[in-house]
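*Asks:* the sequence and its predicted three-dimensional model are supplied below.
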Amino acid sequence: LSAGEGGKREPLYDFKKLYDHNHQNIPRVPIPDLDSTLDRYLLSLRPLLDPGELKSHLKAVESFREDEGPMLQQQLIESDKHKGYPYSYVEKHWDDMYLELRSPITVHVNVGYSLADDADSHKPNAQALRVAKFLISTFKFQRKLMDGLCESEPGGPFCMSQLGRLLGTSRIPTYGRDRLRYTPDARHIIVLRHGFFFRVDVMEADGSAMLTLEELTRQLQHIIDRTDKEEEIHDTEGSLVASGVGILTMEDRNLWAHHREALKAESLHNRTVLKDINSALLVVCLDRAHPHSMTERSMHVLHGSSDELNNRWFDKFQVIADEVGNVGINFEHSHADGVSWNRWLTEVWNDMQGLPPPLG
């Protein structure tokens, strides 16, 4: 990289244009020819069908190859000759598939990763400390991304457009088809504990971290300690009130959309809280669980235990930690493929462990 005045690295791209400007001049995804598509389809059927069933499929495929297939193939090619969205011939169909899905997104869409243990896993304050370290490293990556300094991975160039939407994105339940809200320049996170929602401001206006590791750890530990002391919750000034509304994000999408509109209509307070959640960088879930095996840890991260269902918000990227210091992530990924998440997570993990970025 060349250096500007004062040795500062020059940005490789404009973050605000990362999604919709092809700064690396990557060619569009090529459309496979009709014959190879049909041949691969038939090849995939052979292990699944008996000879009689396969024969009828062969006949149908050959009829399609000779009749309407060429016309539809040409329509597909012509529809891909444009600039802007969709940026590939599959993108709109991909988005429709995810956002029009009406079943719960928990398990069906959302992905869960359980992170490995490290030197902090068995410390007395491991839950707050490990989450704080993870967040600080995440904010560092976000700052690097927003400054235009993320490089393409070796062997590329590879498309980086989705990296800008990993944080600050929320899936909004809407009748028939959900919509996505992007707030990548958000400055706060939402912390969940026992179903209580806390807003924590974490970033300055310029994208730098507002809190040190020690300060963020104390903030998280304060939330843990305060909620644990609230044995009887009363709806009075100065007390905490657990809503449990997070469990609705596990519902059928049309049903969740109905409940969300009812919540908004109920009060200005509800609308403000929902706005804070949707515009947050991410959600932190501080749980009480004590999983005893890797299977339990994985289930805990993927969908939560029966005691923690009110401590989730599946419409957003979640950092999940239990009381014994296990940390995992769960993310709604209609807006970003696993490749982008893995790129981000690798850099964040290396930074947590004091290792150099994998890209050098």
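*Replies:* Perfect, thanks for sending it.
*Asks:* please make it C-alpha for all contacts and neighbour counts, starting now.
*Replies:* OK.
*Asks:* can you count the residues close to the residue nearest to residue 34 when sequence neighbours are not counted?
*Replies:* Among residues not flanking residue 34 along the chain, residue 73 sits closest, at 6.6 Å (C-alpha to C-alpha, 6 or more residues apart in numbering). Neighbours of residue 73 under the rule other C-alpha atoms under 10 Å: 15.
*Asks:* and the gap between residue 73 and residue 293?
*Replies:* Distance of residue 73 to residue 293, given as C-alpha to C-alpha, to the nearest Å: 50 Å.
*Asks:* shaky segments in this protein?
*Replies:* Scanning the chain for pLDDT under 70 picks out the ranges 1-7, 230-242, 359-360.
*Asks:* so where do the helices sit in it?
*Replies:* 34-45, 51-66, 68-79, 91-99, 126-146, 213-229, 253-266, 268-278, 294-302, 338-352 (DSSP state H).
*Asks:* list the buried ones in the second one?
*Replies:* The neighbour-count criterion (16 or more other C-alpha atoms under 10 Å) identifies 54, 61 as the buried residues of helix 51-66.
*Asks:* now for residue 354: which residues touch it?
*Replies:* Not one residue lies near residue 354 by C-alpha atoms under 8 Å, 6 or more residues apart in numbering.
*Asks:* now do the phi/psi pair for it.
*Replies:* phi 70, psi 20 (degrees, to the nearest 10).
*Asks:* save the helices of the chain as JSON lines, and put in distance to residue 12 too.
*Replies:* As requested, the helices of the chain are arranged in JSON lines below (distance: least, C-alpha to C-alpha, whole Å):
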{"stretch": "helix 34-45", "distance to residue 12": "37"}
{"stretch": "helix 51-66", "distance to residue 12": "45"}
{"stretch": "helix 68-79", "distance to residue 12": "31"}
{"stretch": "helix 91-99", "distance to residue 12": "25"}
{"stretch": "helix 126-146", "distance to residue 12": "10"}
{"stretch": "helix 213-229", "distance to residue 12": "29"}
{"stretch": "helix 253-266", "distance to residue 12": "39"}
{"stretch": "helix 268-278", "distance to residue 12": "29"}
{"stretch": "helix 294-302", "distance to residue 12": "35"}
{"stretch": "helix 338-352", "distance to residue 12": "17"}
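*Asks:* buried deepest among those, which one?
*Replies:* Per residue and on average, the most neighbours among the helices of the chain fall to helix 126-146, with a mean of 22 (mean count of other C-alpha atoms under 10 Å).
*Asks:* now it: how far from the chain's centre is it?
*Replies:* 15 Å (C-alpha atoms, centre = their mean, to the nearest Å).
*Asks:* from residue 254, how far off is residue 280?
*Replies:* 23 Å.
*Asks:* typed the wrong thing, it's residue 95
*Replies:* Distance, residue 95 to residue 254, by C-alpha to C-alpha: 17 Å.
*Asks:* likewise residue 229?
*Replies:* Separation of residue 229 from residue 254 (C-alpha to C-alpha): 37 Å.
*Asks:* the residue lying farthest from the centre of the chain and residue 202, how far apart?
*Replies:* In the chain, residue 52 marks the outermost C-alpha relative to the chain mean, sitting 44.1 Å out by C-alpha atoms, centre = their mean. Distance, residue 52 to residue 202, by C-alpha to C-alpha: 63 Å.
*Asks:* give the contact list for residue 125.
*Replies:* By C-alpha under 8 Å, 6+ apart, residue 125 lies in contact with 221, 325.
*Asks:* which parts of stretch 144-158 are buried?
*Replies:* 144-151.
*Asks:* please disregard the earlier target; I meant stretch 193-210.
*Replies:* Under the neighbour-count criterion of 16+ other C-alpha under 10 Å, stretch 193-210 has 193-198, 201-203, 207, 209-210 buried.
*Asks:* neighbours of residue 19, how many?
*Replies:* 16.
*Asks:* now it: closest residue in space, sequence neighbours ignored.
*Replies:* Nearest one to residue 19, counting by C-alpha to C-alpha, 6+ apart, is residue 161 at 4.2 Å.
*Asks:* so which of the helices of the chain is nearest residue 111?
*Replies:* helix 294-302 (6.6 Å; C-alpha to C-alpha).
*Asks:* can you list contacts of that closest one?
*Replies:* 106-107, 110-114, 291, 305, 320, 326, 328-330.
*Asks:* distance from that helix to the middle of the chain?
*Replies:* That offset, for helix 294-302, works out to 18 Å (C-alpha atoms, centre = their mean).
*Asks:* re earlier: so which of the helices of the chain comes closest to residue 181?
*Replies:* Proximity to residue 181 (C-alpha to C-alpha) singles out helix 268-278 among the helices of the chain, at 7.4 Å.
*Asks:* got the angle for that closest one vs helix 253-266?
*Replies:* 130 degrees (axes from the mean of the first three to the mean of the last three C-alpha atoms, to 10 degrees).
*Asks:* other residues contacting helix 268-278?
*Replies:* For helix 268-278, using C-alpha under 8 Å, 6+ apart, the contacting residues are 168-172, 181, 189-190, 199, 263-265, 283, 316.
*Asks:* now the buried members of those.
*Replies:* Buried among these (16+ other C-alpha under 10 Å): 168-172, 189-190, 263-264, 283, 316.
*Asks:* the residues you listed in strands, which ones?
*Replies:* The strands, defined by DSSP state E, take in 169-172, 189-190, 283 from the buried ones among the contacts of helix 268-278.
*Asks:* could the residues you listed go into TSV alongside distance to residue 134?
*Replies:* Below are those laid out as TSV (distance: C-alpha to C-alpha, whole Å):
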residue	distance to residue 134
169	18
170	20
171	23
172	26
189	13
190	15
283	13
